[in-house]
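**Q** A structural model of the following input is requested.
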Amino acid sequence: MVNIIQRKLLKQDRNIQFVELTAQLPNGTHTHKTVIDHPGAVVMIPMMDTETVILIRQYRYALAQTVLELPAGTLEPNEDPLTAAQRELQEEIGYQAQTLAPAGMVYPAVSFTNEILHFFIATGLTPSTLPPDDDELIQVVNMPLDEAITQVKQGNIRDAKTILGLYHAKLTILG
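**A** Model prediction:
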């Protein structure tokens, strides 16, 4: 069994920490790994009806480009994922959901972060807005779910959480 013997904080940025771990392997060897300690995030699959999903176009700084994706957001410290999902829907697309049905959890990048993505299918949408985050540039896009799946197949949607969420919606909602 691997034994973590030291955690050294390298940098804190909002709710995310960059940490250097020193671990002792079963053979006695010590190793160092830099990881991202992440509070987790929520991904919403907002369905206007059984055929129409709401996506967003959002500028992503790491890619220096705008990406078509599902609305999502980082959890605040000790925040319940269901609460975060409702908040993020209001901030990013201007709706609240009557129903937020859990649709699974995934680890998006196990090699360098402990982040967990909590997926929710959002239905019964009614207008309700909260101010967006200061650093977000978002455009709301209503799209037929089948067209979104086609966009994935054509390579126009490449965001992993969005691909997973869209296929889950296709299987769950449309069968």
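
**Q** chain center to the helix or strand bottoming out on mean pLDDT in the chain, what's the gap?
**A** Ranked by mean pLDDT, DSSP states H and E, the weakest helix or strand in the chain is helix 160-173, scoring a mean of 90. How far helix 160-173 lies from its chain's middle: 13 Å, per CA atoms, centre = their mean, to the nearest Å.

**Q** where does the nearest residue to Gly124 once chain neighbours are set aside fall, phi/psi-wise?
**A** Closest residue to Gly124 apart from its sequence neighbours, by CB to CB, 6 or more residues apart in numbering: Gln98 at 2.6 Å. (Glycine included, C-beta is placed from N, CA and C.) Dihedral pair for Gln98: phi -70, psi -40, per degrees, to the nearest 10.

**Q** residues contacting Gln98?
**A** Gln98 sits next to Thr123, Gly124, Leu125, Thr126 when contact means CB atoms under 8 Å, 6 or more residues apart in numbering.

**Q** What pairs with the helix or strand hosting the first one, parallel or antiparallel?
**A** In other words, Thr123. Element membership for Thr123 (DSSP states H and E) is strand 117-127. When pairing is defined by DSSP bridges, strand 117-127 lines up against strand 41-49 (parallel), strand 95-106 (antiparallel).
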